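**Q** prediction below, plus the sequence it came from.
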Amino acid sequence: MTSTDGLRLACALAAGLGLALPAAAKPPLSASDWLSGSVQEPDNISSWRPGDPRPPELQRRSKRDIAPTGAVEPVGVTRLGEGNPDGKGTVSPRAAGLPPDLWGDSDAAVLVRQIRGSNPRLPALRRLERRLLAAQLRPPRTEAGQEGALFLARVDKLLDMGATGAAKELLKAAGPGDPERFRRLFDIALLSGDEAHACEIMDRTPGVAPSFPARIFCLALGGDWAAAALVFHGAHAMGRIDPQMAELLAQYLDDSYSDGAEELVPPTVVTPLELRLHEAIGQPLPSSNLPLAFALADLDQNEGWKARLDAAERLARAGAIPASQLRMIYLEQKPAASGGVWDRAGAVQALADALLLRDAGAVARTLPPAFDAMVPAGLGPALAEMVGAEVGALGMEGRAGRIALWLALQAAQPQVVQAPPADAQAFDLWLLRFAEGEPESAPPPGEGEPLAADLFPAFLGPSERNLPQNAAQLILAGRRGEALLAAIADVDAGLDGDLPRAAQGLRVLRVLGQQEIARQAAVELILAPMMAPAPGAGMP
């Protein structure tokens, strides 16, 4: 057995063992774990030796680079540094509904840890967190040399959430000049299927030294295959390219090599650059087991409808794309088979046709099957976002009317329900009244409704009453951002059955001026048993 065979066998065994582990045993990868190695440290002139690639400072100048005269050059203007990127954002504090000094006296390192550990599941809390991550807030207290760590944590969390568009806009607000920001812009372009733009970013970003694999990829993409091959063979001979990446690039650059080569062992951690290279050599990697942001690549129109459906459902389930985008993909074609995603596509198509005709009777017939198909797949909130406002306004009776009411409330559209179903249960009517306005105006929920009974007291009286001690201390110390992030985690814990903790988080949200988010989060917690798959149910 050769060393290469041994390496492949070891990789295969490792991959097999990894697949055998339960999903919970593997912590999800953060964006910082899967970013492409698209940049390298600038070469040091003092370490250069004959035969090494010349650093820019030692490269031979062409005639056009030599000044034609000894005259003094005109004064040039260069934009100075743009300051601490931690203060950059794409949404004003006012538009985000947050105070400009939200971070206050918090330590940036503490905020970074909180953001990295945050993973809200309730749609209302996800929307709040995205506003928080994109907001242009005053930078917190930062140790010397640590400026920008909070900014990168915000970008990485957006990428972890699959919000690549929001991450891209945030990065553009700070500029790509920093190598770590450049890496993220480069990879977002790759995930978006815009490889040419990724290479343009590389070419016009001064001060960033691209790695050999990234440079080789971009040279070949631009049609300069000879230069790409020359750089590849030189860098490979000097040991500047990882062996697994070298094998991948060899197949990418040489069609004859690829035709006779065996299937490559997928890397343990796939980067966007490796994803694109594997696609280019005809050995695409499935994105279903990759981080959420990779599913964006499967939304490309060149992908098959099934792959687009699977990716869109995964992204919509996490709130990473608007449910309207999932709806459009559902309506692209007629299902080619039955079961799973095909049944969901067919059910949504039937419901969409009924809504297009404004036929309340047809909607009443097609809404329950769509609801029954979407909820077990964890797509109940997505269905609510798609049609909640439409079906809630139709005034249907029976089970269809009750489902329509739930969907309207889940979509934060209680105002569209002008005529609740005549046979609606008392609890449904209470929840509608609770969602419509100030919770104090709603009477206490009836007995037998433990979710509502545990959460409702958090909305009674002054919000400062019964505030958790740790939250009160943070707020008094001017560390409201920490308190807000902790409250998001507390409220989301209600999905795991910790209702007392969720009620405490709701109180904190109210104190911090997030009354509407608190009310909608409470509605979503109460609706969760109806809108979420049963415990232990898989995602078809």
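**A** Great, that's in hand. Quantities reported herein were computed from a predicted structural model and do not represent experimental measurements.

**Q** mind listing what's buried in stretch 457-472?
**A** Ala458, Phe459, Ser463, Leu467, Pro468, Ala471 (16 or more other CB atoms under 10 Å). Backbone N, C-alpha and C define where each C-beta goes, glycine included.

**Q** got the contact list for the fifth one?
**A** When the contact criterion is CB atoms under 8 Å, 6 or more residues apart in numbering, the partners of Pro468 are Gln504, Arg507, Val508.

**Q** mind checking pLDDT for it?
**A** Pro468 is assigned a predicted lDDT (pLDDT) of 84.

**Q** which SS class is Pro176?
**A** The assignment at Pro176 comes out as coil when based on DSSP: H, G, I helix; E, B strand; the rest coil.

**Q** didn't Arg240 look like it was pressed against Phe212?
**A** Yes - distance between Arg240 and Phe212: 5.4 Å, which falls inside the contact criterion (CB atoms under 8 Å).

**Q** what's in contact with stretch 216-230?
**A** So stretch 216-230 is contacted by 195-196, 198-199, 202-203, 210, 231-232, 235, 249, 252-254, 273, 276-277 (CB under 8 Å, 6+ apart).

**Q** for ChimeraX, write the selection for the buried entries among those residues.
**A** Listed next is the ChimeraX selection for buried residues among the contacts of stretch 216-230, using 16+ other CB under 10 Å:
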select :195,198,199,202,210,231,232,235,249,252,253,254,273,276,277
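
**Q** related to what we said a few turns ago, out of the buried residues of stretch 457-472, which is nearest to Ala307?
**A** Among those, Ala458 lies closest to Ala307 (CB to CB), at 43.3 Å.

**Q** which ones are touching that closest one?
**A** So Ala458 contacts Ala503, Gln504, Leu506, Arg507, Arg510, Ala518, Ala522 (CB under 8 Å, 6+ apart).

**Q** please name the nearest non-neighbouring residue to the second one.
**A** Using CB to CB, 6 or more residues apart in numbering and skipping residues adjacent in sequence, the residue nearest Gln504 is Pro468, 4.8 Å away.

**Q** roughly how far does the one you found sit from Ala452?
**A** Applying CB to CB, to the nearest Å, one obtains 21 Å for the distance of Pro468 from Ala452.

**Q** repeat that for Ala214.
**A** Here Ala214 is placed at a distance of 54 Å from Ala452 (CB to CB).

**Q** try Met386
**A** Distance, Met386 to Ala452, using CB to CB: 26 Å.

**Q** how about Gly388?
**A** Distance, Gly388 to Ala452, using CB to CB: 20 Å.

**Q** which of those two has more residues huddled nearby?
**A** A direct count of neighbours by other CB atoms under 10 Å for Gly388 and Ala452 places Gly388 higher, at 25 against 21.

**Q** residues of the helix or strand that one falls within that come out buried?
**A** Under the criterion DSSP states H and E, the helix or strand holding Gly388 is helix 380-392. Within helix 380-392, the residues that count as buried by 16+ other CB under 10 Å are 380-392.

**Q** one more: stretch 283-298?
**A** Leu285, Ser287, Leu290, Pro291, Leu292, Ala293, Phe294, Ala295, Leu296, Ala297, Asp298.

**Q** for these, give me TSV that also has secondary structure and distance to Arg127.
**A** What follows is those, written out as TSV (DSSP: H, G, I helix; E, B strand; the rest coil; distance: CB to CB, whole Å):
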residue	secondary structure	distance to Arg127
Leu285	coil	31
Ser287	coil	25
Leu290	coil	25
Pro291	coil	21
Leu292	helix	17
Ala293	helix	19
Phe294	helix	23
Ala295	helix	20
Leu296	helix	19
Ala297	helix	25
Asp298	helix	24
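
**Q** among those residues, which two are most distant?
**A** Between any two of the buried residues of stretch 283-298, the greatest separation by CB to CB is 15.0 Å, found for Leu285 and Leu292.

**Q** still on that earlier bit, which elements pack onto the helix holding Gly388?
**A** Helix 380-392 sits against helix 323-330, helix 341-357, helix 360-374, helix 398-410, helix 515-531, with contacts defined as 3 or more CB pairs under 8 Å, 6 or more residues apart in numbering; DSSP states H and E.

**Q** pipe these into CSV and attach mean neighbour count, mean pLDDT and distance to Ala483 per row.
**A** Putting the helices and strands packed on helix 380-392 into CSV (neighbours: other CB atoms under 10 Å; pLDDT from 0 to 100; distance: least, CB to CB, whole Å) gives the following:
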stretch, mean neighbour count, mean pLDDT, distance to Ala483
helix 323-330, 19, 94, 31
helix 341-357, 19, 95, 40
helix 360-374, 19, 95, 35
helix 398-410, 23, 93, 27
helix 515-531, 21, 91, 13
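
**Q** how about these, which one is nearest Leu102?
**A** The nearest among these, by CB to CB, is helix 515-531 at 14.4 Å.

**Q** who touches that closest one?
**A** Taking CB under 8 Å, 6+ apart as the criterion, the residues outside helix 515-531 that touch it are 122-125, 127-128, 375, 380-381, 384, 406, 409-410, 412, 431, 434-435, 439, 449, 451-452, 455-456, 458-459, 463, 491, 494-495, 502, 506, 509-510.

**Q** C-alpha coordinates for it, CSV please?
**A** Listed next in CSV are the C-alpha coordinates belonging to helix 515-531 (Å, rounded to 0.1, in the frame of the first residue of the first chain):
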residue,chain,number,x,y,z
GLN,A,515,-42.3,45.2,23.9
GLU,A,516,-43.5,44.1,20.5
ILE,A,517,-40.8,41.4,20.1
ALA,A,518,-41.6,40.2,23.6
ARG,A,519,-45.3,39.9,22.8
GLN,A,520,-44.7,38.1,19.5
ALA,A,521,-42.1,35.8,21.1
ALA,A,522,-44.7,34.8,23.7
VAL,A,523,-47.3,34.1,21.0
GLU,A,524,-44.8,31.9,19.1
LEU,A,525,-44.0,30.0,22.3
ILE,A,526,-47.7,29.4,23.0
LEU,A,527,-48.3,28.3,19.4
ALA,A,528,-45.2,26.1,19.2
PRO,A,529,-47.0,22.8,20.0
MET,A,530,-49.2,23.4,17.0
MET,A,531,-46.6,24.9,14.7
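
**Q** tilt between it and helix 380-392?
**A** Using axes from the mean of the first three to the mean of the last three CA atoms, to 10 degrees, the interaxial angle of helix 515-531 with respect to helix 380-392 works out to 100 degrees.

**Q** hey, what's the angle from helix 515-531 to helix 398-410? Just curious.
**A** Taking the same axes, to 10 degrees, one finds that helix 515-531 is oriented at 150 degrees with respect to helix 398-410.

**Q** tell me who's in contact with Ala370.
**A** Arg344, Ala347, Val348, Ala350, Leu351, Leu383.

**Q** next up, the contacts around Ala347.
**A** Contacts here follow CB under 8 Å, 6+ apart; on that basis Ala347 touches Thr366, Pro369, Ala370, Asp372, Ala373, Met374.

**Q** ok, the third one to Pro100 distance?
**A** Read that as Ala370. Distance, Ala370 to Pro100, by CB to CB: 44 Å.

**Q** so Leu171 sits right up against Arg184, yeah?
**A** Yes - contact status for Leu171 versus Arg184: in contact at 5.7 Å, counting by CB under 8 Å.

**Q** what sits in contact with each of these two?
**A** Val155.

**Q** so where do the strands sit in the chain?
**A** For the chain, applying DSSP state E gives strands covering 39-40, 209-210.

**Q** okay, these in TSV with distance to Glu143 and mean pLDDT next?
**A** Below are the strands of the chain laid out as TSV (distance: least, CB to CB, whole Å; pLDDT from 0 to 100):
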stretch	distance to Glu143	mean pLDDT
strand 39-40	24	78
strand 209-210	27	79
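
**Q** looking at the ones you listed, which is buried most?
**A** The densest packing among the strands of the chain, expressed as mean neighbour count by mean count of other CB atoms under 10 Å, is seen in strand 209-210 with a mean of 20.

**Q** in its sheet, what does that one sit against?
**A** Sheet pairing here is set by DSSP bridges, and for strand 209-210 it gives strand 39-40 (antiparallel).
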